[in-house]
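Q: how would this look folded up:
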Amino acid sequence: MENGDALGAHRWAKGWIGSGGGGRLLDPWLTYVAVDLMRRQPRGSVNAADLALRFWIEREADRAILLWIRATIVRNWLKDPKTAVRDYALARGSAPAWVLHGLDTDWAACEIEAQASRKRKASVKPAPIYEASTEVEPSNGQEPADSDEPEMFRFVALLLAPD
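A: Reported below is the predicted structural model:
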């Protein structure tokens with residue numbers, strides 16, 4: 001992805017999720033989010049996050065990270081701080097320590113923006129709750145600890161503010 005190969009990154013993530021048991025890990029889903037942001041398709045990023053949140057990502061700390069990213073996309077790319085506030089609030093409850101400062105800063109700014117926003121209709125539906133699936137293969141590798149920063153996080157963070 002660093003070379004701008006969005007299609008290659010998308011294929012890699014799809015392969016990791018489909019055959020490598022990576023569906024329960026955050027990194028392949030963050031890759032999907034990043035690819036859509038690289039293509040300037042923020043709704044696709046939100047859809048990827050929602051798919052992961054609904055069927056794949058169960059661990060609370062991972063869900064908090066993904067909700068924070070989702071909220072930031074809704075706020076910055078879709079210009080909808082009123083809708084984003086809800087995701088920031090959900091993320092705050094289970095966020096790992098390394099997320100808290102950035103999340104709290106973003107949430108505070110978003111609340112101010114939401115008060116001034118004239119947007120009436122939400123640009124996306126609320127983040128989905130987890131629906132357990134028993135047909136998911138376990139990860140082939142060792143899952144990172146709940147408090148670990150996903151490898152893809154720093155790359156996605158660079159894309160969260162549109163140019």
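
Q: so where is this structure shaky, pLDDT-wise?
A: Residues of the chain meeting the criterion pLDDT under 70: 1-23, 133-148, 151-152, 154-155, 163.

Q: since we're on the nearest residue to Ala122 once chain neighbours are set aside, how many residues are nearby?
A: Spatial nearest neighbour of Ala122, excluding adjacent residues (C-beta to C-beta, 6 or more residues apart in numbering): Thr83 at 4.4 Å. To be clear about C-beta, it is placed using only N, CA and C from the backbone, and glycine gets the same treatment. Neighbourhood size, Thr83 [other C-beta atoms under 10 Å]: 24.

Q: And Thr83, how far from Arg24?
A: Here Thr83 is placed at a distance of 27 Å from Arg24 (C-beta to C-beta, to the nearest Å).

Q: and if you look at Ile57?
A: Distance, Ile57 to Arg24, by C-beta to C-beta: 7 Å.

Q: longest helix of the protein?
A: In the chain, with assignment by DSSP state H, the single longest helix is helix 97-116.

Q: For the residue most central in space within the chain, give its distance to Arg120.
A: Closest to where the C-alpha atoms of the chain average out (C-alpha atoms, centre = their mean) is Leu66, at 3.2 Å. Relative to Arg120, Leu66 is positioned 27 Å away (C-beta to C-beta).

Q: Can you report how many residues neighbour Gln115?
A: Neighbour count of Gln115, defined by other C-beta under 10 Å: 10.

Q: Pull out the buried positions in stretch 108-125.
A: 110, 113-114, 117, 123-124 (16 or more other C-beta atoms under 10 Å).

Q: mind listing the helices in this protein by residue range?
A: 6-19, 26-38, 42-51, 60-76, 81-92, 97-116, 153-159.

Q: quick one, what contacts the nearest residue to Pro126 once chain neighbours are set aside?
A: Of all residues beyond its chain neighbours, the one nearest Pro126 is Arg86 (6.3 Å), with distances taken as C-beta to C-beta, 6+ apart. Residues near Arg86 by C-beta atoms under 8 Å, 6 or more residues apart in numbering: 71, 126-127.

Q: Now with 10 Å, please.
A: By C-beta atoms under 10 Å, 6 or more residues apart in numbering, the contact list for Arg86 reads 67, 71, 74, 114, 122, 126-127.
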